[in-house]
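J.: whatever this is, show me its structure:
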Amino acid sequence: MSTAAADQKRLGVRILTPEGTAFEGVAAMVVAPSVMGEVGILPRHAPLIAVLRVGETRLKGLDGEDTIFATTAGYMTVEEDTVLILVEEADHPDAIDRGAAEAALREAEERLQAAGDDEAREQAEAALHRAKNRLKVVDKGA
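T.: Numbers count the residues shown, from 1 in each chain. Below is the predicted model of the structure:
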């Protein structure tokens, strides 16, 4: 296969957080949790901007292996076989401490029970969703 043909079957991918780069490399496919549902990106995809929700972002490697990240809300852009994902947090399963994630889940559940106003309830629900997502991703990575 020529180099040009090989390049057409890959995406440049960057996942950025305020802490820095969570991932930079290539993938054959990206699946991200947009607010309108999961969106799959393959090479030669049309330009796109999507709003992302808390969920699981999957990168299918050129070798067929999946790399999964627990990601928070943010944005994704696709342009010229380059995918840029901007999120508050992106955690690889190896970086997730199960005990800490379970403690965060219990704390979020307690905060939700004690929430007195709509804002406190929304914050507690968001924390609960993030904790559940991290536990789901760490289970898949095991």
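J.: from now on I want contacts and neighbour counts done on CA atoms only, so please keep to that.
T.: OK.
J.: the bottom helix or strand of the chain by mean pLDDT?
T.: Ranking every helix and strand in the chain by mean pLDDT, DSSP states H and E puts helix 3-7 at the bottom, with a mean of 49.
J.: helix, strand, or coil at Thr57?
T.: Assigned with DSSP: H, G, I helix; E, B strand; the rest coil, Thr57 falls in the strand class.
J.: could you chop the chain up by domain?
T.: 3-91, 93-141 (automatic domain parsing).
J.: just to revisit the earlier point, adjacent strands (with direction) for the very next helix or strand once past the least confident helix or strand of the chain?
T.: Counting by DSSP states H and E, the next helix or strand C-terminal to helix 3-7 is strand 11-17. Taking DSSP bridges as the criterion, strand 11-17 forms sheet pairs with strand 20-27 (antiparallel), strand 82-87 (parallel).
J.: deepest-packed of these, please.
T.: With neighbours taken as mean count of other C-alpha atoms under 10 Å, these reach their highest mean count in strand 82-87, at a mean of 22.
J.: pull that strand out as CSV, backbone CA atoms only.
T.: What follows is strand 82-87, C-alpha atoms only, in CSV (Å, rounded to 0.1, in the frame of the first residue of the first chain):
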residue,chain,number,x,y,z
THR,A,82,-7.8,15.8,12.1
VAL,A,83,-10.0,15.4,15.2
LEU,A,84,-9.6,17.8,18.1
ILE,A,85,-11.4,17.0,21.3
LEU,A,86,-11.5,19.7,24.0
VAL,A,87,-12.9,18.5,27.4
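J.: could you tell me the least trusted of the domains of the chain?
T.: The stretch with the lowest average pLDDT out of these is domain 93-141, scoring a mean of 89.
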